[in-house]
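Chemist: got a predicted model here, sequence first, then my questions.
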Amino acid sequence: MEWFMVSPLVLVVLFFVAMLAGFIDSLAGGGGLLTVPALLAAGLPPAQALATNKLQACGGSVSSSLYFIRRKVVSLADQKLNVLMTFIGATSGALLVQHMHADILRQILPILVIAIGLYFLLMPRLGEADRQRRLHGLPFALVAGGCVGFYDGFFGPGAGSFYALAFVALAGFNLAKATAHAKLLNATSNLGGLLLFIIGGKVVWGTGFVMMAGQFCGARIGSRLVLSKGHKLIRPMIVVVSAVMSAKLLFDSHGQTILHWLGMQ
């Protein structure tokens, strides 16, 4: 019955929305800004939309991760601790969000995303080349994996950018290398969050699999550009996506106030 929750035409539209989101996610993160509203517009209730979004997001993040692993840009053996902490963080966040409201995060998230955009905008040479590492081992895994993974399971928007920022600022990776490693942790947190949504019975499988196919295709195209274009493409994409994401999150949180203020001018 899940296949018939939306019409075939809407499924086609969702496929291409997911494909574009997968492309954006593979470069800068933020694809959920397209897919979650699209799922809601298709008529899915919020809980099902978030759960189905996790399923389709796995298509993009897993596709990118496999591409980078096969190209030997990412070593699974070196990332085992980061992956473990990310999985624990994501499942904890997904479990907690089912018993709490995320209103506080909605208020502060635009500020965090704006900070990321400004960080990359005002430091144009950031991520051009590898630098000295600041955190190693478990401390890095707890911050980059556990904390960001918890955020991704609890709320989610912009998690890919947070992972990439952690690898650039704390691990000293260049931006292309950081983006590649971020996709592995993003895939881990997506799978961890999805597991909790599956247990809760919230996933709309038919719609999710159609979008997952779109995500897979878009992410593969974007992943190739990460390695061929690197810093020159990723940095402006992060700045632009951060600006758009911040504007949308601010409007979602304070839209009525903004409209009222504009009407008073």
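Modeler: Cool, got the structure.

Chemist: against which helices or strands is the helix or strand where residue 60 lies packed?
Modeler: Per DSSP states H and E: residue 60 is located in helix 46-70. Other helices and strands packing on helix 46-70, by 3 or more C-beta pairs under 8 Å, 6 or more residues apart in numbering; DSSP states H and E, are helix 8-27, helix 32-41, helix 175-199, helix 205-229. For glycine as for every other residue, the C-beta is placed from the backbone atoms N, C-alpha and C.

Chemist: worst average pLDDT in the ones you listed?
Modeler: Least confidently modelled of the helices and strands packed on helix 46-70 is helix 32-41, at a mean of 81 by mean pLDDT.

Chemist: mind listing what's buried in that helix?
Modeler: 32-36, 38-39 (16 or more other C-beta atoms under 10 Å).

Chemist: could you identify the most distant pair in those?
Modeler: Farthest apart among these by C-beta to C-beta are 33 and 39. That separation is 11.9 Å.

Chemist: ok, then the element right after the helix holding residue 60?
Modeler: Downstream of helix 46-70 (by DSSP H and E), the next one is helix 80-97.

Chemist: that next one vs helix 46-70, what angle?
Modeler: Here the directions of helix 80-97 and helix 46-70 differ by 180 degrees (axes from the mean of the first three to the mean of the last three C-alpha atoms, to 10 degrees).

Chemist: contacts for helix 80-97, please.
Modeler: Contacts of helix 80-97 from elsewhere in the structure, counted by C-beta atoms under 8 Å, 6 or more residues apart in numbering, are 76, 137-138, 140-142, 144-155, 184-185, 188-193, 195-197.

Chemist: same thing but 7 Å
Modeler: The contact list for helix 80-97, computed with C-beta atoms under 7 Å, 6 or more residues apart in numbering, reads 137-138, 141-142, 144-147, 149-154, 184-185, 188-189, 192-193, 195-197.
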